[in-house]
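K.L.:
Fold the following.
(one chain, ligands or ions: 1)
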Amino acid sequence: MSELAIIGGTGLTELEGLEISHRQVLQTPYGEPSSPIFHGRYCGKSVIFLARHGTKHTIPPHKVNYRANIWCLKELGIKTVIAVAAVGSIHPDMQPIDLVIPHQLIDYTWSREHTFFDEDHVTHIDFTHPYCESLRSKLLATQVDFKIHSEGVYGAMQGPRLETAAEINRMERDGCDIVGMTGMPEAALARELGLCYATCAVVVNPAAGRGAAPMDEIEKNLIGGIRQVRELLAEVIKDRA
Ligand code: HPA
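P.N.:
Below is the predicted model of the structure:
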């Protein structure tokens, strides 16, 4: 059985190259996950794939059932999760189609179901380092010929609207390098269930007030960025035991 799952975000509703053996529709105590679970082989290794926004990209960031998604991966025996997410760039060095493997995050989301630990007992997970360092290291040890930023602070915003220029200025003062809408509570829920979780962020636009990007350019960046993500995933996966 596969112990690696990939959660695909915007631009990655299916994992091209995944030889699907079967798809599984699951229920959890928290409801239905965003998509069926796709079991298959990628670069010869078994992998599970889940589309965060649904297979038709219909679930907005604030409506994603993060608890059901993470719960069902745990139930399936998954130990490691690579989460792919499109982001805007705040840091001037992070340019469209660059990949960023964030090392920290700041959560600005609100009113999302953000914990498994809200009944019966009080549990405080250690979240000092929100991403799994060993998985980050594996992602960063790959030999690829495009830009991957080895660190970055991910600011998770509520969405679905994009930010104001003032909000991005505040995030920059807070230390955020990139901004997205799905990084939380996903990362914290994965930690609550003891999963080794890291994010591969794809820069698709400069954040609000940092340079305009028309829609067609964002789409082009998404296609180029996701191509790089697939290359990175292939490198990481083919070396797995
Ligand atoms: N802001 C928030 N989320 C995003 C952005 C952005 O600019 N780009 C891609 N996801």
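
K.L.:
Those residues of the protein touching the ligand, which are they?
P.N.:
Counting by C-beta under 6 Å from any ligand atom, the chain comes close to the ligand at A86, V87, G88, M157, L162, E163, V179, G180, M181, V204, N205, A207. Quick note: C-beta positions are derived from backbone N, CA and C, even for glycine.

K.L.:
Distance-wise, check the first one relative to D120.
P.N.:
What it means is A86. 37 Å (C-beta to C-beta, to the nearest Å).

K.L.:
So between these two, which is more surrounded?
P.N.:
Taking neighbours as other C-beta atoms under 10 Å, A86 and D120 compare with A86 leading, 23 against 6.

K.L.:
which ones are touching the nearest residue to that one once chain neighbours are set aside?
P.N.:
Excluding the flanking residues, the one nearest A86 by C-beta to C-beta, 6 or more residues apart in numbering is T10, at 4.3 Å. Taking C-beta atoms under 8 Å, 6 or more residues apart in numbering, we find T10 in contact with H53, H57, A85, A86, V204, L222.

K.L.:
Let me know the average pLDDT across the lengthiest helix in the chain.
P.N.:
Ranked by residue count and defined by DSSP state H, the top helix of the chain is helix 215-238. Average pLDDT, helix 215-238: 94.

K.L.:
same thing with stretch 97-109?
P.N.:
Stretch 97-109 carries an average pLDDT of 98.

K.L.:
do stretch 29-42 as well
P.N.:
The pLDDT scores in stretch 29-42 average 96.
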